[in-house]
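Chemist: Got a predicted structure here, sequence first:
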Amino acid sequence: MRELEDFLVAEKSLTTPIRWVEDGAYLRFTATLDIAEVTEDRVRLLGRAHASMPDRSVSLVLTWQGTSGRPQPFERFEWRPHDRHINKPMVPKPHRHRVIETTHRHPLALNARVAIGLAAALVENLPAAEALDPDPPDWAAFTAAAAMAWRIPGLVHAPPPPWQYDLLPFADNGRRGGRGR
């Protein structure tokens, strides 16, 4: 826990620019992070978005490669999720059973306090979340919120996922999709 907390409070930079890649119905990226110009080998920043769901359902995740051998998510932001999140009964009060339908964060500090313990919370995919207030209205505001919380200033320059805008159906059968049209 202490190593993860220390990592979160440290100023970090992206090792290389973020590049989204297509992965079936999803768009994804994996990035490494530097602290004081040294790459932190145990941590990865992951991004995931639905290719055909523009401007929603994006996850940014920090994962930690501990001694268990498998990377575990320890912090996550979800922007305009497709499905709501419901905090489980194991989550501390007053967050227990909270229904969150807007952009939210699964913070390490809150998940460390779940009844089953942090190690189990990591395996359970971070069962505790808090809504972001205000709800970020666009990609720039979303990445700014994650950049500030995670102390990764360069994250504000992350390109949005290359969504497939032109695949959206319209009532008049016209093709109006596309950014800037």
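Modeler: Cool, the structure landed.

Chemist: helices and strands around the helix or strand of the chain with the lowest mean pLDDT, which ones?
Modeler: Scoring the helices and strands of the chain by mean pLDDT, DSSP states H and E places helix 118-123 at the bottom, with a mean of 78. Secondary-structure packing of helix 118-123 (3 or more Cβ pairs under 8 Å, 6 or more residues apart in numbering; DSSP states H and E): strand 72-79, helix 108-111. Where C-beta positions appear, they are placed from N, C-alpha and C, glycine not excepted.

Chemist: can you list the ones you listed in JSON lines and add mean neighbour count and distance to residue 120?
Modeler: JSON lines is the format used below for the helices and strands packed on helix 118-123 (neighbours: other Cβ atoms under 10 Å; distance: least, Cβ to Cβ, whole Å):
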{"stretch": "strand 72-79", "mean neighbour count": "22", "distance to residue 120": "11"}
{"stretch": "helix 108-111", "mean neighbour count": "21", "distance to residue 120": "10"}
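
Chemist: ranking the ones you listed by mean pLDDT, which is last?
Modeler: The stretch with the lowest mean pLDDT among the helices and strands packed on helix 118-123 is helix 108-111, at a mean of 89.

Chemist: Spell out the residue ranges of the helices in this protein.
Modeler: In the chain, the segments counted as helices under DSSP state H are 2-9, 108-111, 118-123, 139-150.

Chemist: how much does the first one deviate in direction from helix 139-150?
Modeler: Interaxial angle of helix 2-9 relative to helix 139-150 (axes from the mean of the first three to the mean of the last three Cα atoms, to 10 degrees): 130 degrees.

Chemist: Show me which residues of helix 2-9 are buried.
Modeler: Residues of helix 2-9 classed as buried: 4, 7, 8 (neighbour count, 16 or more other Cβ atoms under 10 Å).
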